[in-house]
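Peer 1: Here is my input; please provide its structure:
(one chain, ligands or ions: 1)
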Amino acid sequence: MTSVTLPAHAKLNLTLDILRRRPDGYHDLQMVMQSVSLHDDVTVSLTDGNGISCRCGEIPGDESNLAVKAARAFFAETGIPPRALEIDIVKRIPAQAGMAGGSTDGAAVLRALRTLLRPELATQELERIGALVGSDVPYCVRGGTALAEGRGERLTTMTDAPAFHAVLCKPDFAVSTPVLFSRVRVDELHGRPDTAGMLASLRAGDAAGVLARVRNVFEEVLPEDCGEVFAIKERLLDLGADAAAMTGSGPTVFGLFRGEAAAQAAYATLSRAYRQTFLTRFV
Ligand code: C5P
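Peer 2: This is a model prediction of the structure:
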């Protein structure tokens, strides 16, 4: 086998809390993560050429691309002699959107290289390598419903969340993750999510409890010119969403729906106003 194609799923934050700033400049977080059906397709091929080439739609496939960083980290950490690779990414997840679009491609490269070169490598080891690539990469290796703590790399798999439908809507601007973190004064945050309640609701399969606890503390520190995030949230709720929040460091907003028909109707309406609107479901 010389080539593997894998889906690389986007994630949503059902909750996102910031606990403290750490001496290393990162923040300790508590996040309940959920993968959704929106995905890139990542093909990794072993070639006879030289080095690593990466095609990633309109996103540069250079050394800054997390897919390339992941491939380099895989060889450096496993000790497997570096091989020439072609990485080909069919990109659907918007970049800089709070959906881990880059991290999930990096995670898919790690999983593909494991399949191609070292099938016996434990997932835990792949997640450890992922943490060297980016804070969200370990979660993207694992997927599903999970609690992510620490920088985001300490994972606990949860009972699968109820099978909600999610309408995702990204306004046409980007929010820089480091800039948003720099706006956080941990002691001044007030709208913290009830993470313990969310985890209890997940364990109990309590759909209403999960929906009631969807919350992202980053919404509190958005710059003033990001008001559209709140406008989209209101719009989703008006259109019948059972919960709505921003995901990650934004600016994508998601609405959760118990029923598919309501999600489809909201998607049809919102996609007329916003180019980057997606109809997805939890996976
Ligand atoms: O780990 P990653 O490269 O994805 O993080 C991007 C930036 O986000 C970091 O440089 C840091 O500024 C911020 N960050 C943070 N705390 C985390 C994760 C990311 O402050 N837990």
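
Peer 1: Helices of the stretch 51-200 of the chain, start to end?
Peer 2: 66-78, 101-117, 123-133, 137-142, 177-182, 195-204 (DSSP state H, counting those that start in this stretch).

Peer 1: Touching, residue 190 and residue 220? I think so.
Peer 2: Yes - judged on C-beta atoms under 8 Å, residue 190 makes contact with residue 220 at a distance of 7.3 Å. For the C-beta atoms, the positions are set from N, CA and C on the backbone; glycine is no exception.

Peer 1: is it true that residue 168 touches residue 36?
Peer 2: Yes - using C-beta under 8 Å, residue 168 is in contact with residue 36, at 7.4 Å.

Peer 1: more crowded one of the two?
Peer 2: residue 168 (28 against 22; other C-beta atoms under 10 Å).

Peer 1: Write out the residues of this protein neighbouring the ligand.
Peer 2: For the chain, the residues in contact with the ligand (C-beta under 6 Å from any ligand atom) are 26-27, 29, 134-136, 151-152, 177-178, 181.

Peer 1: start to end distance for stretch 145-163?
Peer 2: With C-alpha to C-alpha, to the nearest Å as the measure, the ends of stretch 145-163 fall 11 Å from one another.

Peer 1: what does it contact?
Peer 2: Defining contact as C-beta atoms under 8 Å, 6 or more residues apart in numbering, one finds that stretch 145-163 is touched by 14, 26-34, 127, 130-131, 135-136, 138-139, 142, 144, 195, 199, 202-203, 205, 207, 210, 258, 281-282.

Peer 1: What subset of the residues you listed is buried?
Peer 2: Neighbour-count burial (16 or more other C-beta atoms under 10 Å) applied to the contacts of stretch 145-163 gives 14, 27-34, 127, 130-131, 135-136, 138-139, 142, 144, 195, 199, 202, 207, 210, 258, 282.

Peer 1: tally of neighbours for the closest residue to residue 45 other than its chain neighbours?
Peer 2: In space, and not counting its chain neighbours, residue 45 is closest to residue 3: 4.1 Å by C-beta to C-beta, 6 or more residues apart in numbering. Neighbourhood size, residue 3 [other C-beta under 10 Å]: 13.

Peer 1: For residue 200, list the residues it contacts.
Peer 2: Applying C-beta under 8 Å, 6+ apart, the residues near residue 200 are 206, 209.

Peer 1: Scan the helices and strands of this protein for the one with the lowest mean pLDDT.
Peer 2: Ranking every helix and strand in the chain by mean pLDDT, DSSP states H and E puts helix 177-182 at the bottom, with a mean of 94.

Peer 1: Who are the packing partners of it?
Peer 2: The helices and strands touching helix 177-182, judged by 3 or more C-beta pairs under 8 Å, 6 or more residues apart in numbering; DSSP states H and E, number zero.

Peer 1: which one is residue 203 nearest to, not counting chain neighbours?
Peer 2: Residue 203 sits nearest to residue 159 (C-beta to C-beta, 6+ apart), 5.6 Å away.

Peer 1: And the one you found, how close does it get to the ligand?
Peer 2: Distance of residue 159 to the ligand, computed by C-beta to the nearest ligand atom, to the nearest Å: 24 Å.

Peer 1: what about that residue, how many neighbours?
Peer 2: So residue 159, with other C-beta under 10 Å, has 13 neighbours.

Peer 1: And the pLDDT at it?
Peer 2: Per-residue pLDDT puts residue 159 at 93.

Peer 1: what sits against residue 31?
Peer 2: Contacts of residue 31 by C-beta under 8 Å, 6+ apart are 13, 15-17, 147-149, 152.

Peer 1: How many residues are close by residue 234?
Peer 2: Neighbours around residue 234, by other C-beta under 10 Å: 12.

Peer 1: Confirm it sits in a strand?
Peer 2: No - read with DSSP: H, G, I helix; E, B strand; the rest coil, residue 234 is helix and lies in no strand.

Peer 1: does residue 55 really touch residue 61, like I thought?
Peer 2: Yes - the pair residue 55 / residue 61 is scored as a contact, 5.4 Å apart, by C-beta under 8 Å.

Peer 1: quick revisit: give me the common contacts of residue 168 and residue 36.
Peer 2: In contact with both residue 168 and residue 36: 10, 12, 280, using C-beta under 8 Å, 6+ apart.

Peer 1: Is the last one in a helix, a strand, or coil?
Peer 2: Yep, that's residue 280 we're talking about. Secondary structure state of residue 280, per three-state DSSP, is strand.

Peer 1: No further questions, thank you.
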